[in-house]
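# next input, structure requested:
(chains A, B, C and D)
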There are 2 protein chains.
Amino acid sequence: MADVFKAIADETRRAILDELSERDEQTLFELCSRLAMRHAVTSSRQAVSQHLDVLEAAGLVRREKRGRYTFHTIDTRPLAQIAERWPAKEAPQ
Amino acid sequence: MADVFKAIADETRRAILDELSERDEQTLFELCSRLAMRHAVTSSRQAVSQHLDVLEAAGLVRREKRGRYTFHTIDTRPLAQIAERWPAKEAPQ
DNA sequence: AGTATAGGCAAGTGTCCACTTGCCTATCAA
DNA sequence: TTGATAGGCAAGTGGACACTTGCCTATACT
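Numbers count the residues shown, from 1 in each chain, chains lettered A, B, ... in the order given. Below is the predicted model of the structure:
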């Protein structure tokens, strides 16, 4: 669970989640080009790949290999637990 | 908003939010002793104070000074926006 | 006035981490 | 089978940040 907090602490990884949230099942190269064009992310392919390692370790992204392509899918379930950990108070003044 | 992600990336700061979520309106010294006893946090007073600076900058903690005491209050509202940013998909398989 | 309590300010240190660089492997098309 | 595409592996580097240390200020109590 601590991995989830570390994962979303980085701006580039949040942009990756944004992008995967718009369009799922992207390959690494696809992600790189779309991040550059639509999210002003200039990171290299290796940098994005390392970010995907972190996101996968946190359970926020799943990888599925088919032939020479690896598709990436977002999994938002770990994020739901964050708001549940510190519940809103009953009566805001 | 980026400050919120940075703020909750740290284990000690999450423990501070846990503690304030259980008991609000604590002073710095009160927080330090309760963190040590109940959350196994061994950080110094200065360390906790610096963490509270970060939490305040993120809008997650408010400070209120009365006399020689400063009381700390949790504000969970910024956390609600996290789950909203990456909405859950409609039909999980 | 003097002392204890509650807390702030600021410089220094060590560690983690994002990113780069260079090279290697695997799959597919001609 | 040669080349292009898609991606992995690993070492090195620079900067951000959590934490300490030392000293200072302010409020309250006797």
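# excluding chain neighbours, give the residue nearest to A:E56 in space.
Residue nearest to A:E56 in three dimensions, not counting chain neighbours: A:R63, with 6.0 Å by CB to CB, 6 or more residues apart in numbering or on different chains. C-betas here are computed from N, CA, C, even on glycine.
# and A:L17, by the same measure?
Per CB to CB, 6+ apart, closest to A:L17 is B:W86, 5.5 Å.
# now swap in A:R38 and tell me
A:E19 (7.0 Å).
# now that neighbour: which helix or strand?
helix A:11-22 (DSSP states H and E).
# quick one: is that helix near DNA strand C?
Yes: applying CB under 7 Å from any atom of the strand, one finds helix A:11-22 in contact with DNA strand C at A:T12.
# helices and strands around the helix or strand just after that helix, which ones?
Remark: after helix A:11-22, the chain's next helix or strand is helix A:28-39, criterion DSSP H and E. Applying 3 or more CB pairs under 8 Å, 6 or more residues apart in numbering or on different chains; DSSP states H and E, we find helix A:28-39 packed against helix A:11-22, helix A:45-57, strand A:69-74.
# quick one: mean pLDDT for the helix holding A:E19?
Helix A:11-22 shows a mean pLDDT of 98 in the predicted model.
# report the angle between the axes of that helix and helix A:45-57?
For helix A:11-22 against helix A:45-57, the angle by axes from the mean of the first three to the mean of the last three CA atoms, to 10 degrees is 70 degrees.
# helix A:11-22 close to DNA strand D?
No: counting by CB under 7 Å from any atom of the strand, DNA strand D is not contacted by helix A:11-22; separation bottoms out at 10.2 Å.
# how close does the residue nearest to A:R38 get to A:E25?
Noted for A:E19: a distance of 12 Å to A:E25, by CB to CB, to the nearest Å.
# between these two, tell me which one has more neighbours.
The residue with more neighbours, out of A:E19 and A:E25, is A:E19; 20 against 13, by other CB atoms under 10 Å in any protein chain shown.
# quick one: contacts for that one?
A:Q26, A:L31, A:R34, A:L35, A:R38, A:H39 (CB atoms under 8 Å, 6 or more residues apart in numbering or on different chains).
# same check, this time on A:P87
Neighbours of A:P87 in contact, by CB under 8 Å, 6+ apart: B:S21, B:T76.
# neighbours of the residue lying closest to A:S49 once chain neighbours are set aside, how many?
Leaving aside its chain neighbours, A:S49 sits nearest to A:L28 (5.9 Å; criterion: CB to CB, 6+ apart). For A:L28, the tally of surrounding residues (other CB under 10 Å) stands at 16.
# I'd say A:L28 and A:T70 touch.
Yes: assessed by CB atoms under 8 Å, A:L28 is found in contact with A:T70 at 6.5 Å.
# which SS class is the spatially closest residue to A:A57 that is not a sequence neighbour?
Nearest non-adjacent residue to A:A57, counting by CB to CB, 6+ apart: A:D3, 5.4 Å away. Secondary structure, DSSP: H, G, I helix; E, B strand; the rest coil: A:D3 is helix.
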